[in-house]
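Chemist: Kindly generate the corresponding structure for this input.
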Amino acid sequence: MTVLGATVDDQTRCVHYGSPLDIVAIRFHCCGEFYPCFRCHADAVDHPVTAWPADRFDTRAILCGVCRSTLSISDYLEADFCPSCASPFNPGCSLHHSIYFE
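Modeler: This next block holds a predicted model:
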């Protein structure tokens, strides 16, 4: 998967969020492209973010930057770590869920 935006390493960390736990990229509903965060998306495109509708939470729209596996939105929202490689996800990302998901 290609991750667009201002990534700083091969695990999808970006210039905005670069902690050891910031390993998730999101396929944006509005354009279908993966970005590490909403700020990277805003820096790169000229359209607003649209949230994934709840009836599409089965879409594999989350990329683990460590193992490169994709998760459905539902699986991601229920997980504290990647189910494929057990790498922990940043719990602080939940503060931004309303930007990405209905």
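Chemist: And T70, how close does it get to H29?
Modeler: 15 Å (CB to CB, to the nearest Å). Where you see a C-beta, it was placed from the backbone N, CA and C, and this is true even at glycine.
Chemist: show me where this structure has helices.
Modeler: Assigned by DSSP state H, the helices in the chain fall at 38-44, 73-78, 97-100.
Chemist: okay, the ones you listed in JSON lines with mean neighbour count and mean pLDDT next?
Modeler: Formatted as JSON lines, the helices of the chain follow (neighbours: other CB atoms under 10 Å; pLDDT from 0 to 100):
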{"stretch": "helix 38-44", "mean neighbour count": "17", "mean pLDDT": "97"}
{"stretch": "helix 73-78", "mean neighbour count": "17", "mean pLDDT": "98"}
{"stretch": "helix 97-100", "mean neighbour count": "15", "mean pLDDT": "96"}
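Chemist: P88: which of the ones you listed is closest?
Modeler: helix 73-78 (12.8 Å; CB to CB).
Chemist: And that closest one, what does it pack against?
Modeler: Packing partners of helix 73-78 (3 or more CB pairs under 8 Å, 6 or more residues apart in numbering; DSSP states H and E): strand 60-64.
Chemist: For the strand it packs on, buried residues please.
Modeler: Buried residues in strand 60-64, counted by 16 or more other CB atoms under 10 Å: 61-64.
Chemist: Report the contact partners of A42.
Modeler: V49 (CB atoms under 8 Å, 6 or more residues apart in numbering).
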